[in-house]
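Enquirer: Just need the structure, nothing else, for what follows:
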Amino acid sequence: MRLVLAVAIAAPCVGCASVTRGTTENISISSTPAGATADITGLDIPTACVTPCVVQAKRNADITVTVSKEGYEPQIIPLTKEIPGSGAAGFAGNVLLGGLVGMGVDAATGAALDHKPNPVIVTLQPVSPRAARPRPPRRPPQPQS
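Expert: Numbering: from 1, shown residues only. Sure thing, here's the model as predicted:
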């Protein structure tokens, strides 16, 4: 009985994006210079990696990548979610094969979405030498006689 129920639930989703594309994607991160730390928020577990690197993310996650390296200005890159042609085709396949169940699964998992930009490519800018030097403390004005 359970097998029949599982097949009945899964059968409508044969053409949906959840099946054809999956609910996760790999996000590639690289930087110039290499060896920067990429902190990724929006994942189930906040993750950090050293560039170049690849992380796996749920397609419906709200992701932000912060790339930093000593001596360089940090860069913050918020990723957007878009429906590419293949995601739209999988979602449209629901009309023919998956019906409302497949559309609901795709909407809940974000299976029709891709993160942009992917790959994330960052060129870090050196910290200006003036900003890197600490300023000496200001002296209070001398009293005038």
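Enquirer: now the chain, which segments are flagged as low pLDDT?
Expert: 1-21, 85-111, 130-137, 140-141, 145 (pLDDT under 70).
Enquirer: residue ranges of the strands in the chain, please?
Expert: 24-32, 37-41, 47-50, 53-58, 64-68, 75-78, 80-82, 114-116, 120-123 (DSSP state E).
Enquirer: TSV for those, including distance to residue 129 and mean neighbour count?
Expert: For glycine as for every other residue, the C-beta is placed from the backbone atoms N, C-alpha and C. Shown next, in TSV, are those (distance: least, CB to CB, whole Å; neighbours: other CB atoms under 10 Å):
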stretch	distance to residue 129	mean neighbour count
strand 24-32	20	17
strand 37-41	22	19
strand 47-50	26	14
strand 53-58	30	16
strand 64-68	18	19
strand 75-78	19	14
strand 80-82	35	13
strand 114-116	35	17
strand 120-123	19	18
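Enquirer: could you redo the ones you listed as a markdown table and give each row distance to residue 143?
Expert: A markdown table is the format used below for those (distance: least, CB to CB, whole Å):
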| stretch | distance to residue 143 |
| --- | --- |
| strand 24-32 | 53 |
| strand 37-41 | 50 |
| strand 47-50 | 53 |
| strand 53-58 | 59 |
| strand 64-68 | 45 |
| strand 75-78 | 47 |
| strand 80-82 | 59 |
| strand 114-116 | 62 |
| strand 120-123 | 51 |
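Enquirer: Which residue ranges of this structure form helices?
Expert: 2-10, 17-20, 85-93, 99-109, 129-132 (DSSP state H).
Enquirer: Kindly provide the distance from residue 82 to residue 115.
Expert: Residue 82 sits 8 Å away from residue 115, taking CB to CB, to the nearest Å as the criterion.
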